[in-house]
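Coordinates only, no sequence provided:
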């Protein structure tokens, strides 16, 4: 227990500016003295650095309201940390499934969810031929997944793609107009930093960066139209080996060890 508190960012004692930092041995000595003299105060000050296995060190104070309160805080923090870890692991498992399925993280789907981010990393650097090629590939992919569409659906898809192309072109024209205005206002600047033309390797890197950002958006819960409850509350996404390890840790956390200072 003392080692856990000493290695935490919590200050062991107040120090004046310019004083040398306490050594590990000095911290441990101060903590042990406080624990033996005033264990309730020790728990109040340092409960944020404790874990459930450490609570056995305060079993001799059972019945005190303040001790029960701070022990409850330690247990609550442990449950919240476990829940956050479980949610993070389930979202990562769902991410891997969605990547394998291909549709949710396809180029077209990601572009539709984050058009500005796509434009920043990818769209602004596409040539007219590359842009039309991407749209054709997206259309072919949609046809393959749908297994054939009615003419009305095909026309609607074509119209939507044309609208997206038009919107991208308008945005690029607006950006170019702003760049022209900036260059006119600053005649001394002969180089335009936005005129950079990436190589094929650099374009591939930017695409990967865009995809990585979209993956992180998903993990962070920032995909507004996605039903995260279907992931966060789904035990089928749990890694069985990881669940076994977590349950083992919780088993030992729930035990009440004796008053050992360093369990």
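Yes, it's here. A quick note: this is a predicted structure, and the numbers were derived from the prediction, not measured. Residues are numbered from 1 along each chain as shown.

Tell me where the stretch 51-200 of the chain has helices.
Along the stretch 51-200 of the chain, the segments classed as helices by DSSP state H, counting those that start in this stretch run 65-101, 107-113, 115-121, 128-146, 151-185, 200-219.

Lowest average confidence across these, which one?
Among the helices of the stretch 51-200 of the chain, helix 151-185 has the lowest mean pLDDT, at a mean of 58.

Please point out which parts of stretch 96-109 sit buried.
98, 104, 105, 106, 107, 108, 109 (16 or more other C-beta atoms under 10 Å). Where you see a C-beta, it was placed from the backbone N, CA and C, and this is true even at glycine.

what does stretch 48-59 give?
49, 50, 51, 52, 53, 54, 55, 56, 57, 58.

Kindly report the same for stretch 208-225.
For stretch 208-225, the neighbour count (16+ other C-beta under 10 Å) marks 210, 211, 213, 214, 215, 217, 218 as buried.

ok, the closest residue to the last one other than its chain neighbours - contacts?
What it means is residue 218. Once flanking residues are discounted, residue 218 sits nearest to residue 95: 5.7 Å by C-beta to C-beta, 6 or more residues apart in numbering. Taking C-beta atoms under 8 Å, 6 or more residues apart in numbering, we find residue 95 in contact with 215, 218, 219.

Next one: residue 95 from residue 86, what distance?
The gap separating residue 95 from residue 86 is 15 Å, by C-beta to C-beta, to the nearest Å.

Before we move on, what's the pLDDT of the residue nearest the centre of the chain?
The chain has residue 220 as the residue nearest its centroid, 4.2 Å off, counting by C-alpha atoms, centre = their mean. Listed pLDDT for residue 220 reads 94.

if I look at it, how far off is residue 213?
Remark: distance between residue 220 and residue 213 (C-beta to C-beta) = 10 Å.

With residue 48 instead?
Distance, residue 48 to residue 213, by C-beta to C-beta: 33 Å.

Also residue 51?
35 Å.

and if you look at residue 39?
49 Å.

Then residue 127?
For residue 127, the distance to residue 213 equals 23 Å [C-beta to C-beta].

Same question for residue 44.
As judged by C-beta to C-beta, residue 44 and residue 213 stand 43 Å apart.

Is residue 17 in a helix, a strand, or coil?
Following DSSP: H, G, I helix; E, B strand; the rest coil, residue 17 is assigned to coil.

Next, count neighbours for it.
Around residue 17 sit 4 other residues, with neighbours defined as other C-beta atoms under 10 Å.

May I have the phi/psi pair for it?
Dihedral angles of residue 17 (phi, psi; degrees, to the nearest 10) stand at phi -60, psi 130.

Please report the distance of it from residue 140.
The gap separating residue 17 from residue 140 is 67 Å, by C-beta to C-beta.

Kindly report the same for residue 56.
Counting by C-beta to C-beta - residue 56 and residue 140 are separated by 64 Å.

for residue 118, same thing?
Plainly put, residue 118 is 19 Å away from residue 140 if you go by C-beta to C-beta.

Between these two, which is the more surrounded one?
Shown here are residue 118 and residue 140; by other C-beta under 10 Å, residue 118 has more neighbours (21 against 10).

which ones are touching that one?
Residue 118 makes contact with 110, 111, 210 under the criterion C-beta under 8 Å, 6+ apart.

Let's see that with 6 Å instead.
Taking C-beta atoms under 6 Å, 6 or more residues apart in numbering as the definition of contact, the neighbours of residue 118 are residue 111.

Check the spacing between it and residue 206 real quick.
Residue 118 is 10 Å from residue 206, where distance means C-beta to C-beta.
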